[in-house]
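J.: Let me see the structure of the following:
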Amino acid sequence: MWKSVFLAMGIFACVVGAEMLVIDSALVLPVDGAGPAREVTAPDWCPWVMISAGAVTLLHFGTGSGSASGSSGSQGMALGKQPSGKFPHL
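T.: You can find the predicted model right below:
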């Protein structure tokens, strides 16, 4: 489950960073409609940080490192060992 969360965060960071490269500022309206709208402008370095952090997160996801049990179930198969039990990867 955590891998899917980090995948979503990496994609989100890359998309938001790419959007920040395209637009200069955003107008944020209040949800309830009361009050003035705010103009938000990101610093020049912010899009590149978002894109690079998202890319590193996606690269870490793509390597397939880490799992919930602490060891990868496919490592035993790569070394020629036979899995023990009916469902060794669970």
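J.: Report the rounded mean pLDDT for stretch 54-62.
T.: Mean pLDDT, stretch 54-62: 91.
J.: which residues of this protein fall in helices?
T.: Under the criterion DSSP state H, the chain contains helices at 2-22, 46-63, 74-78.
J.: So for the chain, the centremost residue is which one?
T.: Residue closest to the mean C-alpha point of the chain, counted by Cα atoms, centre = their mean, is Gly10 at 2.0 Å.
J.: Isn't that one up against Ser52?
T.: No. Gly10 is beyond contact range of Ser52, at 10.9 Å (criterion: Cβ atoms under 8 Å). (C-beta placed from N, C-alpha, C; glycine too.)
J.: Looking at the residue lying closest to Val16 once chain neighbours are set aside now. What's its pLDDT?
T.: Leaving aside its sequence neighbours, Val16 sits nearest to Met50 (Cβ to Cβ, 6 or more residues apart in numbering; 5.5 Å). Per-residue confidence (pLDDT) for Met50: 96.
J.: neighbours of Met50, just the number please.
T.: By the criterion of other Cβ atoms under 10 Å, Met50 has 21 neighbours.
J.: One more: the one 3 residues further on?
T.: Residue neighbour count, defined by other Cβ under 10 Å, stands at 15 for Ala53.
J.: mind listing what it touches?
T.: Residues near Ala53 by Cβ atoms under 8 Å, 6 or more residues apart in numbering: Ala13.
J.: show me what contacts the residue nearest to the residue nearest to the centre of the chain when sequence neighbours are not counted?
T.: Counting by Cβ to Cβ, 6+ apart, Gly10 lies nearest to Thr57, which is 3.3 Å off, once chain neighbours are set aside. Contact partners of Thr57, counting by Cβ under 8 Å, 6+ apart, are Phe6, Leu7, Met9, Gly10, Ala13.
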